[in-house]
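Participant: Below are the sequence and a predicted model for it; my questions follow.
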Amino acid sequence: MKYKVTPTNKVRVLRENDFLVSKTDLKGRITYCNRIFIEFSLYSEAELLGSQHNIIRHPEMPRAVFHMLWNTIAEKNEFFGYIKNMSKDGGTYWVLANVTASVDGNDNIIGYYSVRRKPKESAIETIDEIYRNMLQIERQAGTRIAIDESSKYLSDLLSKKGISYEEYILSL
Ligand SMILES: Cc1cc2nc3c(=O)[nH]c(=O)nc-3n(C[C@H](O)[C@H](O)[C@H](O)COP(=O)(O)O)c2cc1C
């Protein structure tokens, strides 16, 4: 189900010990979410179950971040990233997300799992600026090369710092 939501200036901040958990099947459809995930999304559990996570996608998130997320978990590696999410009323809530593949006894991926927690305010400020630049690059580049161009911006920025993506995220 698609909902037409317009972003607003409302911002919600996670509490120190909030963990927003969700699980999906292989196609990324939500099969489980905990009470706090539901609370911040402002959707009902029935609306969330069976939906893709893009139900809470904020339009100001660069596509390259999700591209990297899916590539990372498909290789059974752990993804860490800051995500600006959007509630059903258009409000924003930033999370530091950890996303992993769930595997069976034969190491086959059977679904995906994510835990989100409160990011530091200073980290949000830093990442927000980077994402704004990436989004602008994506909008100017056009659909076909948007992800390549903004990924290049991010990797150039990281090589100037001499640090890997994951090291950078976890250092903020
Ligand atoms: C376990 C898991 C958790 C995810 N969590 C989020 C999330 O919190 N917010 C979000 O926008 N996308 C999340 N995604 C990524 C979405 O599946 C999707 O790629 C993203 O919202 C971009 O949607 P779009 O390709 O339709 O633009 C998650 C994916 C997985 C597998």
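Facilitator: Thanks, I have it. Numbering: from 1, shown residues only.

Participant: tell me what the strand ranked longest in the chain is packed against?
Facilitator: Longest strand in the chain, counting residues (DSSP state E): strand 92-103. Counting by 3 or more CB pairs under 8 Å, 6 or more residues apart in numbering; DSSP states H and E, the packing neighbours recorded for strand 92-103 are helix 63-74, strand 79-86, strand 109-117. To be clear about C-beta, it is placed using only N, CA and C from the backbone, and glycine gets the same treatment.

Participant: which of those sits most buried?
Facilitator: Counting by mean count of other CB atoms under 10 Å, strand 79-86 has the highest mean neighbour count of the helices and strands packed on strand 92-103, with a mean of 22.

Participant: quick one, that one and strand 92-103 angle?
Facilitator: 140 degrees (axes from the mean of the first three to the mean of the last three CA atoms, to 10 degrees).

Participant: Please name every helix or strand in contact with strand 79-86.
Facilitator: Strand 79-86 packs on helix 63-74, strand 92-103, helix 121-141, helix 165-171, going by 3+ CB pairs under 8 Å, 6+ apart.

Participant: Mind doing that once more with 6 Å?
Facilitator: Applying 3 or more CB pairs under 6 Å, 6 or more residues apart in numbering; DSSP states H and E, we find strand 79-86 packed against helix 63-74, strand 92-103.
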